[in-house]
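Q: Okay, here's the prediction I keep looking at, along with the sequence it came from:
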Amino acid sequence: MLLLITTILSMLALGWVVWITLQRQEAGDEVFQEKLKRDDERAHEGRKAMQGPRRPPVDQTTKPRD
């Protein structure tokens, strides 16, 4: 049981160290930050395009054609 707890805690600690290290590297990488910015802008444009004009609802009172 102690081995299991120790293993889980060490994995959490290692994950935290890796996450902090990557955050520092990404913050200092201007090329990467520019790519993220362009990707965010492209995603924003895509979301705006998806919200385009909406079609009116289909009239449910008419009978379907045969």
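A: Yep, it's here.

Q: just for the protein, where's the confidence low?
A: Where the chain drops to pLDDT under 70, the residues are 52-66.

Q: Apply 90 and report the result again.
A: Scanning the chain for pLDDT under 90 picks out 26-29, 32-33, 46-66.

Q: Strands along that one, start to end?
A: Remark: strands of the chain are absent; assignment by DSSP state E.

Q: Grab the longest helix from it for me.
A: Scanning the chain for the helix with the most residues, using DSSP state H, yields helix 2-28.

Q: same for it, what does it pack against?
A: helix 30-50 (3 or more Cβ pairs under 8 Å, 6 or more residues apart in numbering; DSSP states H and E). From N, CA and C alone the C-beta is placed, and that goes for glycine too.

Q: Can you dump the C-alpha atoms of the helix it packs on in CSV for me?
A: What follows is helix 30-50, C-alpha atoms only, in CSV (Å, rounded to 0.1, in the frame of the first residue of the first chain):
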residue,chain,number,x,y,z
GLU,A,30,8.2,34.0,-29.4
VAL,A,31,7.7,31.8,-32.5
PHE,A,32,5.5,29.4,-30.6
GLN,A,33,3.5,32.2,-29.1
GLU,A,34,2.9,33.7,-32.6
LYS,A,35,1.7,30.3,-33.8
LEU,A,36,-0.7,30.1,-30.9
LYS,A,37,-2.0,33.5,-31.6
ARG,A,38,-2.6,32.7,-35.3
ASP,A,39,-4.3,29.5,-34.4
ASP,A,40,-6.6,31.3,-31.9
GLU,A,41,-7.5,33.9,-34.6
ARG,A,42,-8.2,31.1,-37.2
ALA,A,43,-10.4,29.3,-34.7
HIS,A,44,-12.3,32.5,-33.9
GLU,A,45,-12.9,33.1,-37.6
GLY,A,46,-14.1,29.5,-37.9
ARG,A,47,-16.5,29.9,-35.0
LYS,A,48,-17.9,33.1,-36.5
ALA,A,49,-18.4,31.4,-39.9
MET,A,50,-20.3,28.6,-38.2
